[in-house]
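here is a sequence with its predicted model. Questions after.
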Amino acid sequence: MKVLAISDLHLDFQENREALRALPPHPDDWLILAGDTGHRVSDLTDALAWLTDRFRRVVWVPGNHELWTVPGESEALTGEARYQHLVSTCRAHGVLTPEDPYEQLTIDGVTYVLAPLFLLYDYSFAPAGVNRDAAVNWAVEENILCADEHYLHADPHASVVEWCEARCRWTEQRLEQVPRAHRLVLINHFPLRGDLVRIMIPRFRIWCGTRRTEQWHLRFNVAAVVTGHLHVRATDVIDGVRFEEVSLGYPRQWRREVGLEGYLRQVLPLRGS
């Protein structure tokens with residue numbers, strides 16, 4: 001069996017939906033779905049119905065698009081309430097979420113712990129000299145403004161910064177309880193390190209994660225980190241830890257002839273460095 005990963009399916013695009021429908025069965029494998037399935041709850045529901053029929057187990061973390069409240073969807077589903085609704089949707093399909101106990105897999109005699117995370121961002125990926133309170137204005141200076149500022153709500157938290165801080169504190173406590181002998185696979189939509197944010201629009205980086213997590217691969221016994229969000233597929237090895245960016249992306253960012261199957265990234269068993 002293998003643990004495979006992909007993110008950023010963006011099923012609001014018909015080409016991406018067709019690629020999902022063409023994905024062959026993987027009855028012995030697990031799939032990590034690392035966020036941005038789409039920006040409507042129905043996108044997530046459709047994806048889970050299809051993928052749970054094709055994989056032995058599915059693991060999900062939310063992206064920023066899943067957290068959007070867009071026109072035509074219930075205005076009551078904002079912030080934490082929306083996130084909890086997404087968690088309930090996943091659980092109805094038997095899908096592992098950041099709110100569930102971490103699951104263990106033993107592969108080649110090694111015990112791995114799959115840890116789906118939901119950490120958000122706090123604008124701290126801004127360069128030195130730009131504090132968090134000024135970060136959005138710094139991006140707007142070059143006409144860059146993430147749609148999250150309109151569609152992603154943090155209620156009941158005062159801000160996304162406060163929500164991110166609460167999620168990081170809670171997650172740190174959970175990770176500290178994992179036996180040190182077990183090897184973690186950290187799964188988050190947003191990158192855990194600022195130096196891995198390689199994007200065509202540099203000032204967009206403030207919506208890409210938090211500096212609080214930059215040393216987590218050393219603080220905990222981490223075998224691999226799986227993220228998405230950037231739409232820039234990459235594999236990096238830092239301090240012996242494999243970092244996998246597993247985005248599919250928008251139709252212009254992937255090749256139709258390769259299909260979704262060609263973009264599934266193997267996480268476990270670990271590939272050679």
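Sure, I can see it.

C-alpha from now on. contacts and neighbour counts both.
OK.

now the strands for the stretch 1-150 of the chain?
3-6, 26-33, 55-60, 103-107, 110-116 (DSSP state E, counting those that start in this stretch).

of these, which approaches T213 most closely?
Closest to T213 of the strands of the stretch 1-150 of the chain is strand 110-116 (Cα to Cα; 14.1 Å).

so how far is that closest one off the chain centroid?
16 Å (Cα atoms, centre = their mean, to the nearest Å).

for that strand, give the mean pLDDT please.
Taken as a whole, strand 110-116 carries a mean pLDDT of 97.

count the residues that sit near the closest residue to R211 other than its chain neighbours.
With sequence-adjacent residues excluded and distances taken as Cα to Cα, 6 or more residues apart in numbering, R211 is closest to S124, at 6.0 Å. Summarising burial for S124: neighbours were counted as other Cα atoms under 10 Å, giving 22.

wait, S124 touches A134, no?
No. Using Cα atoms under 8 Å, S124 makes no contact with A134, being 10.4 Å away.

can you list the weak-confidence ranges in the stretch 51-200 of the chain?
Applying pLDDT under 70 to the stretch 51-200 of the chain flags the ranges 73-76.

quick one, helices of it?
64-67, 79-92, 132-140, 148-151, 160-176 (DSSP state H, counting those that start in this stretch).

deepest of these, which one?
Among those, the stretch with the highest mean neighbour count (mean count of other Cα atoms under 10 Å) is helix 64-67, at a mean of 23.

export the helix or strand where D236 lies to CSV, keeping only CA atoms.
Per DSSP states H and E: D236 is located in strand 234-238. Provided in CSV are the C-alpha atoms of strand 234-238 (Å, rounded to 0.1, in the frame of the first residue of the first chain):
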residue,chain,number,x,y,z
ALA,A,234,8.1,20.8,-5.7
THR,A,235,10.0,18.4,-3.6
ASP,A,236,12.6,19.8,-1.1
VAL,A,237,14.7,18.0,1.5
ILE,A,238,15.6,20.2,4.5
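
adjacent strands (with direction) for the next helix-or-strand element following it?
Using DSSP H and E, the helix or strand that follows strand 234-238 towards the C-terminus is strand 241-245. In the sheet, strand 241-245 lines up against strand 222-227 (parallel), strand 234-238 (antiparallel) (DSSP bridges).

strand partners of the next helix or strand after strand 241-245, parallel vs antiparallel please.
Next helix or strand after strand 241-245 toward the C-terminus (DSSP H and E): strand 265-268. Take DSSP bridges as the rule and strand 265-268 pairs in its sheet with strand 3-6 (antiparallel).

what comes into contact with the partner strand?
29-34, 226, 228, 246-248, 263-269 (Cα atoms under 8 Å, 6 or more residues apart in numbering).

could you redo the last one with a cut-off of 10 Å?
26, 28-35, 37, 55-59, 105, 114, 187, 226-228, 233, 244-249, 260-261, 263-270 (Cα atoms under 10 Å, 6 or more residues apart in numbering).
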